[in-house]
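Peer 1: For reference, the sequence and a predicted model appear below.
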Amino acid sequence: MPVTQFAAGLAAEQLACNALMRDGFNVVGRRMRTAAGEIDAVVERDGLTVFVEVKARKDLASAAAALQPRQQARLVGAAEILLGENPHWGRSGIRFDVMAVDRSGKVRRIADAFRMN
């Protein structure tokens, strides 16, 4: 039975969250939908709130290059809404990370992948 793109995306998100938890982050939300778009995961550690976009591709380089400016703008808009709804988030700052996942399940984090303008 072929794996659907949706199922592969969910699996990649789980791998990414597992890697973040191993690094000491707490997952505070997954697949958080807003009027501006969806954030794959929101994690926190020591007051730092990180908005995470997961990109799954055949290799890590393709995954890392997959986030386009339009998607960045959508993520910023969604983050602004979520920060307004959760004023306790980001006590020590916020950041946007990309979690690249390849077909074999290898995960690489690109910390501070882009910034709000």
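Peer 2: Arrived safely.
Peer 1: is it fair to say residue 88 lies in a helix?
Peer 2: No - under DSSP: H, G, I helix; E, B strand; the rest coil, residue 88 falls outside any helix and is assigned coil.
Peer 1: Ramachandran angles for it?
Peer 2: Here is the backbone geometry of residue 88 (degrees, to the nearest 10): phi -80, psi -10.
Peer 1: now swap in residue 58 and tell me
Peer 2: Per degrees, to the nearest 10, the backbone of residue 58 is at phi -60, psi -30.
Peer 1: who's in contact with the closest residue to it other than its chain neighbours?
Peer 2: In this structure, residue 58 finds its nearest non-sequential neighbour in residue 103, 5.2 Å apart by C-beta to C-beta, 6 or more residues apart in numbering. C-beta here means a position set from N, CA and C on the backbone, and glycine is covered the same way. Residues in contact with residue 103 (C-beta atoms under 8 Å, 6 or more residues apart in numbering) are 57-59.
Peer 1: now swap in residue 89 and tell me
Peer 2: 28, 42, 44, 49, 82-83.
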